[in-house]
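Q: structure of the sequence below:
(one chain, ligands or ions: 1)
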Amino acid sequence: MGKRLLQIDGSFGEGGGQVLRTALSLAAITGQAIRIFNIRAGRKKPGLAAQHLTSVRAAASICSASISGDTLNSTCLEFRPSSTVMPGTYSFNVGDGRAGGSAGAASLVLQTVLLPLAIVEGSSTVHVIGGTHVPFSPPISYLEHVYLPVLRNMGLNVTLDLHTWGWNPKGGGSIEVRIVGNPNLQGLKLLERGELKMVRVIAATTKLPDEIKTRMGSDAESSLLGHGFDKSLVDVKGLTCPGLASGRGLFIFPEYAHSTAGFSSLAHGAKVAKEACSDMIAFHESGAPVDEHLGDQIMLPACLAMQESEYVVSNITLHQTTNAWVIELFGLAEVVVNEDSKKVSIIPKGRIAQR
Ligand SMILES: Nc1ncnc2c1ncn2[C@@H]1O[C@H](COP(=O)(O)OP(=O)(O)OP(=O)(O)O)[C@@H](O)[C@H]1O
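A: Numbering: from 1, shown residues only. Sure, this is the predicted structure:
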């Protein structure tokens, strides 16, 4: 496995943690040894933060990789898988990555190991402790409502339980994911979204007065109705969530006949509904079936599928083009991103050939 060392420049494109995570997932899947340098060179504090370090160790544990450079703030890492991906029971704590703990995103650690475990025969359980609803990462509610349903449509058997919510800055949330592996992933076609069926609005709080939840929900509802959404299609729920420390967030999921998208805000006061609603409304007006975040996150499953995938996104982002670059470096697929039509086509070359 992994005869030559694949060199990956972490400063390419978006220059953030995604280059690292996608490379780790694909290294585990293909058995390819990698060296990543300039890690997160595009960020104010370059190098491995707690979440990235936890992702490195998580990826190493599922394929018995030997690693060097796995220290906090390291900008260069070598990762050499020594076995195929082993299904099993795994537990990762983002807080272990840094003295004093961390609210680094549990979702991003999970995404690093999810696909490798999901496409091998056998069952796995992954428990992750960390931030579950923190900025610049998929809230776990997004994984539940948007990302995992797409994976299920592609043939993956994955369920998630959110036991405890972990907000910024304390983190400490807890999720458990059960996976029944299926090596035969189906390609994905999301070219049209169909009619709007429902807009689900979730106003969530932990250890805060009920008025905050009620206000977030009613502000969001007024904003959506003010933009012409039919009241019968807007479903607002207040959620009182277990968690170590207080926190709040607003999550909006427009569900169309063929796809679901997700928008959120963790802001305070009137800003929270404004942020989440304006993103959701802009998406609705774009007519696209796939939101920009899902657009980068489904590239990984799509490049591992048996058939070609095609989808239309609301915006082409640097995250998407950067992910496409990493996938092509591994030789796993041809990725065509059309900036005009906003169509992404992923033509897998077959991962078995990589071994
Ligand atoms: N609100 C959101 N909803 C869903 N997904 C999101 C949201 N915000 C960010 N993401 C996703 O989270 C991932 C973030 O990747 P990125 O490399 O920017 O993060 P990171 O590892 O935290 O690194 P860095 O600190 O280097 O930015 C991307 O897949 C992006 O689509």
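Q: relative to the ligand, which residue of the stretch 51-200 of the chain is the closest?
A: Relative to the ligand, the nearest point of the stretch 51-200 of the chain is Pro138 (3.5 Å; CB to the nearest ligand atom). The C-beta positions use only the backbone N, C-alpha and C, and glycine is treated the same way.
Q: around the ligand, pick out the residues from this structure.
A: 16-18, 40, 43, 108, 136-138, 142, 262, 264, 293, 296-297, 319 (CB under 6 Å from any ligand atom).
Q: now the buried members of these.
A: 16-18, 40, 108, 137-138, 142, 262, 264, 293, 296-297, 319 (16 or more other CB atoms under 10 Å).
Q: farthest-apart pair in those, please.
A: Farthest apart among those by CB to CB are Arg40 and Gly262. That separation is 24.9 Å.
Q: is the residue of the stretch 201-350 of the chain found nearest the ligand within a helix or a strand, and which one?
A: Going by CB to the nearest ligand atom, the ligand is nearest to His293 of the stretch 201-350 of the chain, at 3.4 Å. Using DSSP states H and E, the element containing His293 is helix 292-297.
Q: now tell me what touches that helix from outside.
A: Contact with helix 292-297 is made by 18, 111, 138, 142, 146-147, 150, 261-262, 311, 313-317, 319-320, 322-323, 344, as judged by CB atoms under 8 Å, 6 or more residues apart in numbering.
Q: filter the residues you listed to the buried ones?
A: Looking at the contacts of helix 292-297 with 16+ other CB under 10 Å, the buried ones turn out to be 18, 111, 138, 142, 146-147, 150, 261-262, 311, 313-314, 316-317, 319-320, 322-323, 344.
Q: name the SS class of Ala204, please.
A: State at Ala204, reduced to three classes by DSSP: H, G, I helix; E, B strand; the rest coil: strand.
Q: name all residues that make contact with it.
A: Contacts of Ala204 (CB under 8 Å, 6+ apart): His133, Ser141, Trp165, Lys213, Gly238, Leu239, Thr240, Cys241, Arg248, Gly249, Leu250, Phe251.
Q: neighbour-wise, which of the residues you listed leads?
A: When neighbours are counted by other CB atoms under 10 Å, His133 leads those with 31 neighbours.
Q: just checking, that residue touches Ser141?
A: Yes. Using CB atoms under 8 Å, His133 is in contact with Ser141, at 7.0 Å.
Q: anything in contact with each of the two?
A: Jointly contacting His133 and Ser141 under the rule CB under 8 Å, 6+ apart are Ala204, Gly249, Ser264.
Q: just the buried residues of stretch 67-74, please?
A: Buried, per 16+ other CB under 10 Å, within stretch 67-74: Gly69, Asp70, Ser74.
Q: one step back: output the helix holding His293 as CSV, restricted to C-alpha atoms.
A: The C-alpha coordinates for helix 292-297 follow below in CSV (Å, rounded to 0.1, in the frame of the first residue of the first chain):
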residue,chain,number,x,y,z
GLU,A,292,-22.7,25.8,-1.0
HIS,A,293,-21.6,23.8,2.1
LEU,A,294,-23.2,20.6,0.9
GLY,A,295,-21.5,21.4,-2.4
ASP,A,296,-18.0,20.8,-0.9
GLN,A,297,-19.0,18.1,1.5
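Q: check the offset of it from the chain's centre.
A: Helix 292-297 has its C-alpha centroid displaced from the chain centroid by 8 Å (CA atoms, centre = their mean, to the nearest Å).
Q: and if you look at stretch 168-184?
A: Centre-to-centre, stretch 168-184 and its host chain are 11 Å apart (CA atoms, centre = their mean).
Q: now do the end-to-end distance for that stretch.
A: In terms of CA to CA, to the nearest Å, the two terminal residues of stretch 168-184 are separated by 37 Å.
Q: list the buried residues for it?
A: Buried residues in stretch 168-184, counted by 16+ other CB under 10 Å: Lys170, Gly171, Gly172, Gly173, Ser174, Ile175, Val177, Ile179, Gly181, Asn182.
Q: and stretch 154-167, by the same measure?
A: Using 16+ other CB under 10 Å as the test for burial, stretch 154-167 gives Met154, Gly155, Leu156, Val158, Leu160, Leu162, Trp165, Gly166, Trp167.
Q: hang on, the second one packs against Gly187?
A: Going back to what we said before, that points to Gly155. No. Contact status for Gly155 versus Gly187: not in contact, 9.8 Å apart, counting by CB under 8 Å.
Q: return the distance of the residue of the chain found nearest the ligand relative to Ala50.
A: Nearest to the ligand, among the residues of the chain, is Gly17, at 2.1 Å (CB to the nearest ligand atom). Look at Gly17 and Ala50: by CB to CB, to the nearest Å, they are 11 Å apart.
Q: do Lys237 as well
A: 32 Å.
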